[in-house]
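> what's the 3D shape of this:
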Amino acid sequence: MYSRVRRLRRMFWVLPKIYPGASHRLSGAGINVLADGRSTASWFNGSNSIYRRLELTGCQGQRYSTVSETKHKMLITDDVLSFIRSSLHQPRGTFHCWLNKTAGSKNLFKEDGIFLVLIGKYLEGSSEAGQNTFKMFEKAKSLLQRYPSLQVVGLQYGKSIRLNNTTTHMLQRIIKEFVTFPILLSNKNIFEMENVSCYIISKGFQTPIVYPGEDVDLKVLDQAIHELNAEYGKGANVEDMKSSWVKPVEVVKEPDVCSASRNLLFSFPGCISADENGNHLFLSDVNHHRIIVFNSNGKILDAIGSSPGFEDGEFEIAKLMRPAASFYHASEDCLYFVDSENHAIRRADMGRRIVETVFPVTDGIKKNKGLWKWILDKIWVKWNIKAKSEEFNSDSFLFPWHILRSSNSDVVVLNQSLGTLWIIDLESGSIREVLKESSKILEICGQMIMEKCIPLGQLPAFWLQQQVDTTCPFEGIPYAGLMSSVATCQDHVVLCDMVGQTVVKLSKESGSATSFQFSNFGVLGLPYWLASSLEQVYAVDDQSGDLDHSQCFRLLPGKVDIDLNVDVPQHTYLVEQPQEGCIWRQARGAAAEISGVENKASSSEKVGVAQQWYDEIDNLSFSTPPEESSRQENSRHPGEEVQDGRVRIGATINTSPGTSEVIIYAALYLRLKKSSNPHLDTRESKAARIAEILEPKRKSKKDLFVKLMMMSDRDIEELIFMRPLHVRLKFNCRDHPKADNTKGVILTDSSVKVHVTL
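Okay, here's the model as predicted:
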């Protein structure tokens, strides 16, 4: 079939090119990607390969009468592409600057690869321009998931662009939409010919295919990239590997524009739901790829999801990718939520603590894989031949964001722009209906949206106004985009502050607003971007791998007790002492980490089995009830029992002759101390203090991080942030000393003290 299509193309190539003065319609049942003749005039060239490709899709086109005019338009397109190509390896120039481009990375672009360029005019504060940009970014993200080797560049042009001062609007859009590809900002006059958005697909910037308009059907773009892949002999279904003997690093692409923001307690907390009877709140910490369960006092009870990806299983190993809206099903004791970047609806069984995918229906083999298959997935690798997925079309279930419970088996799902509605039957795993007209969407779920938005009426108007740029408007319903970002719990209205990266609650009776006093951070574990378990390795852009302290010791072999004392940064205090869940230790080389193992073994040896059984009965009989103990924990003020802002971490290892290394990671949750002179200590200086702690080396990213924190009017001293700790200790041990007159060896016990100042 493909060879026939290629022959048909060659027939079109040899046909004479005509340029009638009037436009004519090409027959066929294709999508209209050239809807606007004026837009086409700016970007379209009828005499090159662009038109040949569009003829095969059966689209409408415009041909122009003069060859000189055609050449002029071709020169404009060539100038645009040559400008992009010349700036690929220049972070900043006279007319351009790059955003979201990994600093110091070499060969970020392969100039002979396949490029997708998104071109749009930048209009700050324009909701229509924001909607158009959102549509284009969403299509690009879909294609990136389908073709990992595709190179995407977003080009925003306009006279209002300030190259030396990135606007908060652009920064907020990148974080909100989780844009992982670079964005080129330019104020060059060449782009002022027409106010037109378009897509350009090319191989090495040669023979480009141009698709004007932001509403180009995703299927058309997918077909063009697929043909280029096939034409140049690179299949889209096989991932490249350098060696089949080594398990490749699983790369997690994340926005680079403000990477320090992931060290805040929350990163774009977008959606929240509640189980009022159980006093549980379910917060979607969207850009941390997890759902945090906490109560009305702020005590963190559980966390759903461990890292970005797509995998079912227990809460600690399940993988999510930007979870969004959710609702709690009381009779099932389950939380249903949309996994936005995985294009799925998933269910978290709160009793069994297991995550399952309910839509689309997953392969049963994947769900019921055995122990041996699990081991192979962890330590081995095979060729990853992706199953043939359904072709993209206008009804594809892509990037769901809001979910509303309609009946026992039906749910209503909307995307973030509120432009597409899916009615899904969870029992059959099928889509009942897809709607794209706003009038029909309003007719079906308008009442449900208004009911979800009722709590917003009790919130101050300036709170809601701050969230406008992070949500999408909807006809007739103000702040409809915030319907999944608000919930009621007991006597409070809880709102996700996506600008301030926090969660606030407002009392219905008094109208006073307060922040949650979050605690029990050990439940969250160690963030996936700090350190990784032995079974899985992640490579994250701009990984926080900066070393805080390293030291070398020369000791005799035997047991070594390590006492690590850490002073937190100046002007900060610990919200709570780090729990074991926030600490990760690893021994490599001629050492084994035995922290806590020897104490348990020695205690079990001192008493018999019967005595241990009686001790367990006593503990059950006289232990404090969980509710009472939780009250005691919540009554403590954060940081109250911390001694002079110092963290103490212990570790024990057994060493043998040779060299070894101990690696210690920890997550320290901090706040700024209250200022003694609030009139002189401005909000900007406080934000700069946090940026200096989390992003001390790169000034450009530090400035962007300050801008991010300054977007909200919330008190910066209430902001909780995580300071990662990274310590490496090396040990060089000689041979065992031998005992006199015996063949045995002498085992020695040693201890070392390490002091670190952050």
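> in which helix or strand would I find Glu138?
Glu138 belongs to helix 127-146 when elements are defined using DSSP states H and E.
> break the protein down into its domains, please.
By the assignment in automatic domain parsing, the chain contains the domains 2-231, 266-517, 522-618+638-757.
> pLDDT weak spots in the stretch 351-500 of the chain?
Along the stretch 351-500 of the chain, the parts satisfying pLDDT under 70 run over 362-394, 469-473.
> do a quick rundown of the strands in it.
Chain-ordered strands for the stretch 351-500 of the chain, with DSSP state E, counting those that start in this stretch as the definition, fall at 354-359, 400-405, 410-415, 421-425, 430-435, 486-489, 492-497.
> tell me which of these sits nearest to Phe462.
Ranking the strands of the stretch 351-500 of the chain by their distance to Phe462 (criterion: C-beta to C-beta) puts strand 492-497 first, at 11.9 Å. Heads up, the C-betas are built off the backbone N, CA and C, glycines and all.
> any idea where the helices of the stretch 101-250 of the chain begin and end?
Read by DSSP state H, counting those that start in this stretch, the stretch 101-250 of the chain holds these helices, from start to end of the chain: 127-146, 168-177, 218-231.
> will you turn those into CSV that also has mean neighbour count?
Listed next are the helices of the stretch 101-250 of the chain as CSV, based on neighbours: other C-beta atoms under 10 Å:
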stretch, mean neighbour count
helix 127-146, 18
helix 168-177, 20
helix 218-231, 18
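> so for Leu414, which of those helices sits nearest?
Per C-beta to C-beta, nearest to Leu414 of these: helix 127-146, 13.5 Å.
> helices or strands next to the closest one in the packing?
In this structure, helix 127-146 packs against strand 114-121, strand 151-157, helix 168-177, helix 218-231, with contacts taken as 3 or more C-beta pairs under 8 Å, 6 or more residues apart in numbering; DSSP states H and E.
> how about low-confidence regions in the chain?
Within the chain, the stretches with pLDDT under 70 are 1-78, 103-108, 123-130, 189-195, 233-251, 362-394, 469-473, 531-545, 596-644, 739-744.
> give me the phi and psi for the residue nearest to the spatial centre of it.
In the chain, the centroid-proximal residue (C-alpha atoms, centre = their mean) is Asn287; its distance is 3.7 Å. When read as degrees, to the nearest 10, the backbone of Asn287 gives phi -80, psi 0.
> now do Phe282
Reported as degrees, to the nearest 10, the phi and psi values for Phe282 are phi -120, psi 110.
> which residue packs closest to it, ignoring adjacent ones?
On the basis of C-beta to C-beta, 6 or more residues apart in numbering, the spatially nearest residue to Phe282 that is not a chain neighbour turns out to be Ser273, at 4.9 Å.
> need the three-state assignment for that neighbour.
strand (DSSP: H, G, I helix; E, B strand; the rest coil).
> ok, now the one 10 residues further on?
For Leu283, the secondary-structure state derived from three-state DSSP is strand.
> how about it, what does it touch?
Residues in contact with Leu283, defined by C-beta atoms under 8 Å, 6 or more residues apart in numbering, are Phe266, Pro269, Cys271, Ile272, Ile291, Ile292, Val293, Phe294, Cys496, Val503.
> what is it paired to in the beta sheet?
Beta-bridge partners of Leu283, counted by DSSP bridges, are Ile272, Ile292.
> renumber starting at 87 from here on
With the count now opening at 87, the last piece we talked about shows up as Leu369.
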